[in-house]
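**Student:** prediction below, plus the sequence it came from.
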Amino acid sequence: MSIIQTRHQISDEEAAIIIGRFFPDIKDKLLNTIQLGKQTSADNTLAVASIEKRTLEISLFEFSSSIDLKANKKYVKYVAYPGLALMLLFLFVPQYLTESTERIVNYDIEYSPAKLFSLKPTNKDFRAFKNESYLLQVKVSGSAIPDQIYVTALGRKAKMKSQNDGIYEYTFEKIQGNFGFRLEAADYQSEEHKIQVIQRPDIKAFNIDLDYPNYTKRNNEVLENVGNLTIPEGTQVTWTVQTIETESVNIQFDQTKSIFEMQSSGNQMFTHNKSMRRSDYYKLFLENQYSTNKDSIAYQIEVIKDEFPKVSVNFYQDTTLFSFMILNGLISDDYGISKLELVYERDNEVTKLPIPFNKNLISQNYFYQWNLDSLGLRQGEALEYYVRVWDNDGVNGSKPVKTAHYTFKVPDKKEIKGKLKKQADGAKNELDKSLKEAEDLNNQIEDIQNDLKSKKELNWQENKKMSDLINQKQKLEEALQKIAQQNKDLAKKQNKFNQPNKKLQEKVDQLQKLMEDILDEETKKLYDELKKLLEEKGEASDLEDVMEQIENKEENLQKEIERAIEMFKRLQFDYKMDDIINDLEGLSQQQEELAEQTLDKQNGLDSLQSEQQKLTESFEELQSEMDELDKLNEEMKQPEDLKDLSEEQSEISSEQKASEEQLNQKKRKKASESQNNASEKMQKMKQKMQEMQAGMEMSMMQENLGNLRDIVDNLVKVSFDQERIMSDFKGVNQSDPRYVSLSQDQLKLKDDAKIIEDSLLSLASRVFQIQSFVTREVSAMNDEIEASLQGLKDRKKGIATTHQQYAMTSINNLALLLDDVLQQMQQQMADAMGKPQKGKKGQKQKLPGMSEIQKQLNQKIEDLKKSGKSGRPLSKELAELAAEQEMLRNELQKLQEQLGENEGGAGNNLKEAIKKMEETELDLVNKRITQQTINRQKDILTRMLKAEDALRERELDDEREAQHADDVSRTLPVEFDEYIKAKKHEVELLNTVPPKMNPYYKEEVNKYFRRLNEQ
């Protein structure tokens, strides 16, 4: 700054004058030096030296010494304010004062002219990541803000976007390498900035090895570039990460918040393994010296817990014999079943029975037949059971699941009797119904026969009647087959719960065979022939012949059904009597045991009184059964002579009630005596019933045997008569008068055959050994005799003779068949009278039957003595009685030989009885019946009864010996067995369809199988 302002530049001289004016020490020395210099040439040495001298003088001049401070003090006040201003500028805007100094100092640097604005990047550093975007931000400030700012990089110039507060931005996309950039605005261009491109850590490849638990039977897998997992519990997971520019990799699990550093195996490979037991989230963190991974690497692991197995069960009980139970159901698990068992509890003892199944299937049906016979369940006993299944969980251990608890109960005695009675009544009603249908069938046949005789051609009405006949016959056949099965089931149940004797069991088998043989094949063929003739529209004569044969067959069918009904009634009567005898024995033992308990003071009176009440009620029920026995007897065509046991029943009831009152009065001893009395009276009542049963059986055997012997004799006689008539007809022609008399003989033979038929049918309703084909042979005999009579009536001797020959053949066949039955009955009677069974000892003989026969024989002898008969009738009856006594003696002799001397009282009594029988036989042969004979007979009966008691005691001792139960194989009904096998095959076939499927579809398939099983 110049003090004197000039409009033009001053010269050196002028400047020297000014300086001399202000600095007196210099005065005109500077001016003179300048003037001398202009006038002096280079060659003027003197002048030059003068100049150098003057210059030297001037150079030693100090500017501060030339200033007069005192003179300038008055100007200080003018300097204070500017100085203060300068000081403030120095403090707050130092560059305002230092910028010029900097430029003076750095004289070798080029400085741009002063700018009205400035551009300054706000980025902290110029580092960018490869393949990523880089945001460049520039702050613009100044007095004049430019409208547009550009960035120049990589040979391109781009406009920056203006943001708020003077910020401009520009994004470099997907940077691949280092580069520089400049900022431009108006005529301004910044220096070049360098951006360094670096690499973030990143994943190149990502594999997961899955090592599944062995029990899942799944093949181990390697997943590539998959992070989300759905795996079974216990799977060993190994992560393998191949990285780029990575120094370390960490894995963090969300559940525990734990961070694990993955192990480096070189070549940018990192691994980590863990056994997964529950679902979790995890993250991967990659890091190098510059940064971590940009994007979050997070995945989910869904751990599928091993499910509990599933089990369902259905039960199919043997409701007839309660011998077995079928268990059927569906078991399933996500990976497999390890164990399946049936668990039942009985008397606080748990038993486990393994159930077979296929370990290779995860869903399957199972079937198990549980044989209950081997358990020896008592009537009324119950046991609790369930099915339990175990899975094959190899991580947590096998887990069990069981079904609900079920109870199996064997019906008690009262329930069983009720079921048996209901089933027996149902079978009898079905038999009655089938008999009514058979009668209707015969009426239809008769109606059709009448139509055929009156018409040569059939119209649709006759055809309709015969079609209805065929349909009704088919229904009757189905009904009879059903009845046979019902009777079979009833017999099985009665045999299981009533335990009948061997003879009764034989009757059951014979009745069953009778019912199964009611429908013969010949009748079926006749109906097939009739159906064929109807379809082919055959002649009326042919239809009439077939209908005539059918009529004969159906009449025989009706008779067979009537016989079956009567035999069924008799069999139920025998069952009921046998059951009552067994019940009496059981009640007697229970009453005796209760008497012993009553004497024991440790037993409470209340419980004893309660038990006595139960026994009293049981005996009352037994009395009701005896009333039912009377009803069953009355329903039979030939009722048995049942003895009145009401007095014994009354005595037993009185003793039981007395014991109840005495227990109520706390009189233990008297109550025990009454109970013992009741037990003894029950035993006596049982013995009477046994004697009555044996007597009825023996009496019927004798009667049936006599009737059958008469029938066989009559058949032989009729056979000879038929042979004679047939022989006589060979020498007689149609005009011979003897033709008529022989025809009358043949007619008489028909009447004789009818008498034989009636007798045989009556006998067949009582004798189970007479089979169905025997009665059919009777029908064939009558048909042939009837045909021979028709031939004689038509004067067709040849045809008549042929039918006579057939009739004789039927008669002979029938005689042979009945002779076999006769021998069987004789053998059966011999067994009942004392002949032992093979392999058995004497104590098993039916002596009660023999004593009953002896008693009846004694009564006959006594009645004959009182009758006053004489002559031939007396001799005949005496001979028969002697023969009967001889037969009894022979049987007793055989029994005594088998018993030997070791039997003590039984053998001695039999020996004495045999000797007295010989004396009686001698009296009867000599026609001498005295009072001594009568007394001797009573003594014989007494000794037989004593021997009977001795044998019974021995039987009771033997009955106490334990016996091994026989193994009986229970089979399923054929239809049910086929159904189970078919269903099992279908489900197992479906189970093999999907070889691989994920858990979702696997569960859907299992649900489908469960629904299928429930259906």
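**Tutor:** Thanks, I have it. Treat the numbers as computed from the prediction; the structure is a model and nothing was measured.
**Student:** what about the strands in the stretch 51-200 of the chain?
**Tutor:** Counting by DSSP state E, counting those that start in this stretch, the stretch 51-200 of the chain has these strands, from start to end: 117-121, 127-129, 134-142, 150-153, 156-159, 161-162, 167-172, 179-185, 188-189, 193-198.
**Student:** for residue 596, which non-adjacent residue is spatially closest?
**Tutor:** residue 672 (7.6 Å; CB to CB, 6 or more residues apart in numbering). C-betas here are computed from N, CA, C, even on glycine.
**Student:** now for that neighbour: which residues touch it?
**Tutor:** Going by CB atoms under 8 Å, 6 or more residues apart in numbering, residue 672 touches 595, 596, 598, 599, 659.
**Student:** wait, doesn't residue 476 sit right on residue 435?
**Tutor:** No - Residue 476 is beyond contact range of residue 435, at 10.2 Å (criterion: CB atoms under 8 Å).
**Student:** who's more crowded, the two?
**Tutor:** With neighbours defined as other CB atoms under 10 Å, residue 476 and residue 435 compare such that residue 476 has more, 21 against 17.
**Student:** quick one: that one from residue 305, how far?
**Tutor:** Noted for residue 476: a distance of 64 Å to residue 305, by CB to CB, to the nearest Å.
**Student:** and the contacts of stretch 108-125?
**Tutor:** 103, 135-146, 149, 167, 183, 185, 188, 190, 193.
**Student:** ah, wrong one, I meant stretch 625-634
**Tutor:** 417, 421, 569, 572-573, 576-577, 579-580, 583, 639-640, 642, 645, 649.
**Student:** selection in PyMOL covering whichever of the residues you listed are buried, please.
**Tutor:** Buried residues among the contacts of stretch 625-634 (16 or more other CB atoms under 10 Å), as a PyMOL selection:
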select buried, resi 417+569+572+573+576+577+579+580+583+640+642+645+649
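**Student:** which of the contacts of stretch 625-634 sit farthest apart?
**Tutor:** 569 and 649 (24.2 Å; CB to CB).
**Student:** skipping its backbone neighbours, what lies nearest the residue most central in space within the chain in space?
**Tutor:** Central residue of the chain (CA atoms, centre = their mean): residue 329, 2.0 Å from the mean position. What sits nearest to residue 329 in space, not counting adjacent residues and going by CB to CB, 6+ apart, is residue 313, at 3.9 Å.
**Student:** how about the one you found, what does it touch?
**Tutor:** With CB under 8 Å, 6+ apart, residue 313 has these contacts: 327, 328, 329, 387, 403.
**Student:** out of those, which are inside strands?
**Tutor:** Per DSSP state E, strands hold the following members of the contacts of residue 313: 327, 328, 329, 387.
**Student:** between those residues, which sits nearest residue 920?
**Tutor:** residue 327 (66.9 Å).
**Student:** is it true that the closest one touches residue 367?
**Tutor:** Yes - the criterion here is CB under 8 Å, and residue 327 meets it with residue 367 at 7.2 Å.
**Student:** so residue 631 sits in a strand?
**Tutor:** No - Residue 631 is assigned helix when assessed by DSSP: H, G, I helix; E, B strand; the rest coil, not a strand.
**Student:** output the longest helix belonging to the protein.
**Tutor:** As assigned by DSSP state H, the longest helix anywhere in the chain is helix 668-730.
**Student:** C-terminal to that one, what's the next element?
**Tutor:** helix 738-764 (DSSP states H and E).
**Student:** next secondary structure element downstream of that following helix?
**Tutor:** Next element after helix 738-764 (DSSP H and E): helix 772-793.
**Student:** list the buried residues in the helix or strand following that following helix.
**Tutor:** For helix 772-793, the following helix or strand on the C-terminal side (DSSP H and E) is helix 797-833. Within helix 797-833, the residues scored as buried using 16+ other CB under 10 Å are 797, 800-804, 806-815, 817-818, 821-822, 825, 828-829, 831-833.
**Student:** and what of stretch 278-291?
**Tutor:** Buried-residue list, stretch 278-291, by 16+ other CB under 10 Å: 279, 280, 282, 284, 285, 286, 288.
**Student:** pretty sure the first one contacts residue 302?
**Tutor:** Yes - proximity of residue 279 to residue 302 meets the contact threshold set by CB under 8 Å, at 5.1 Å.
**Student:** picking up where we left off before, turn the contacts of residue 313 into TSV, columns for distance to residue 881 and pLDDT.
**Tutor:** Output for the contacts of residue 313, formatted as TSV (distance: CB to CB, whole Å; pLDDT from 0 to 100):
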residue	distance to residue 881	pLDDT
327	65	90
328	67	89
329	71	91
387	70	95
403	72	93
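**Student:** which single one of these is nearest to residue 896?
**Tutor:** residue 327 (56.6 Å).
**Student:** pLDDT score for the closest residue to that closest one other than its chain neighbours?
**Tutor:** In this structure, residue 327 finds its nearest non-sequential neighbour in residue 368, 4.5 Å apart by CB to CB, 6+ apart. If you check residue 368, the pLDDT there is 91.
**Student:** can you list the strands that the helix or strand harbouring residue 368 pairs with?
**Tutor:** In this assignment (DSSP H and E), residue 368 forms part of strand 363-371. When pairing is defined by DSSP bridges, strand 363-371 lines up against strand 324-332 (antiparallel).
**Student:** now the stretch 201-350 of the chain, which segments are flagged as low pLDDT?
**Tutor:** Within the stretch 201-350 of the chain, no range satisfies pLDDT under 70.
**Student:** one step back: from the contacts of stretch 625-634, which land in helices?
**Tutor:** 417, 421, 569, 572, 573, 576, 577, 579, 580, 583, 649.
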